[in-house]
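S.K.: Dropping a prediction and its sequence here:
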Amino acid sequence: MSISKICKPALLTCALVGFAVINASAQEPNSLATPTKKFIPPGSRVFVAPMKDGFDTYVIAGIIKKKVPVIVVTSRERADYEITGIAESDKAGWAKMLFMGSSQSAEQASIKIVEIKSEEVVFGYSVNKGNSVRGKQSAGEACAKHMKESIAK
C-alpha cells in the first residue's frame, strides 16, 4: 500500500473537520464580547470632570450653545454620566504669523462619556482643528455637536 493512498483520506478528513469547525463558528450568535450600542437618554444628568487648561468649561459652554438635551450638574454623585477628556493647543509660531499672517492655533481634543452606574463607555470623540480661529471654544463646540448626535431621540 502506498503512502499517498493512506495520507489522502486522512488529509481530506482533516480538511472537512476543519471546514466544519470554521463554518460552525461563523454561524454562532454574537458573543458577549461584542459591544452593545448604548445611547444617552435625553434629560440625563451629566458631570463634566475638571480637565487640563480649563477645557471642561469649553465643553460645558458647547453643550449649552449646541442645545444638547442633557442637564449639566456640578456634582458627580448626582450625575448619570461623566465626561472626561483632554485638550492640547499649539499656538501659531512666529513664522506662521509673519509669512501667512495667521495667528490661528491648532487644537486637538478628546472626550469620553461613561455611564457611572455600569462604568461602560457610551461615547467617545476626538477633534483635530488645524487652523482654529476660536481655539478651545471650537474644539468644545465640536465635541458637544457630536455628543448631541449620539443622544437617543
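M.R.: Alright, I've got the coordinates. Computed from a predicted structure; not experimentally measured.
S.K.: the longest strand in this protein is where?
M.R.: The longest strand of the chain (DSSP state E) is strand 120-132.
S.K.: what packs against it?
M.R.: If you count contacts as 3 or more C-beta pairs under 8 Å, 6 or more residues apart in numbering; DSSP states H and E, strand 120-132 packs onto strand 105-115, helix 136-150. Placement of C-beta: from N, CA and C, glycine included.
S.K.: out of these, which comes closest to residue 64?
M.R.: Between residue 64 and the helices and strands packed on strand 120-132, the shortest separation by C-beta to C-beta is 8.2 Å, and it involves helix 136-150.
S.K.: for this protein, which spans come out with low pLDDT?
M.R.: Low-confidence segments of the chain, defined by pLDDT under 70: 1-37, 89-105, 130-135, 152-153.
S.K.: could you redo the last one with a cut-off of 50?
M.R.: The model of the chain has pLDDT under 50 over residues 7, 11-35, 92-103.
S.K.: Need the helices and strands packed on strand 120-132 in a markdown table (columns: distance to residue 124).
M.R.: As requested, the helices and strands packed on strand 120-132 are exported to a markdown table (distance: least, C-beta to C-beta, whole Å):
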| stretch | distance to residue 124 |
| --- | --- |
| strand 105-115 | 4 |
| helix 136-150 | 10 |
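S.K.: and those as CSV, adding distance to residue 77 and mean neighbour count?
M.R.: Formatted as CSV, those follow (distance: least, C-beta to C-beta, whole Å; neighbours: other C-beta atoms under 10 Å):
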stretch, distance to residue 77, mean neighbour count
strand 105-115, 15, 20
helix 136-150, 22, 21
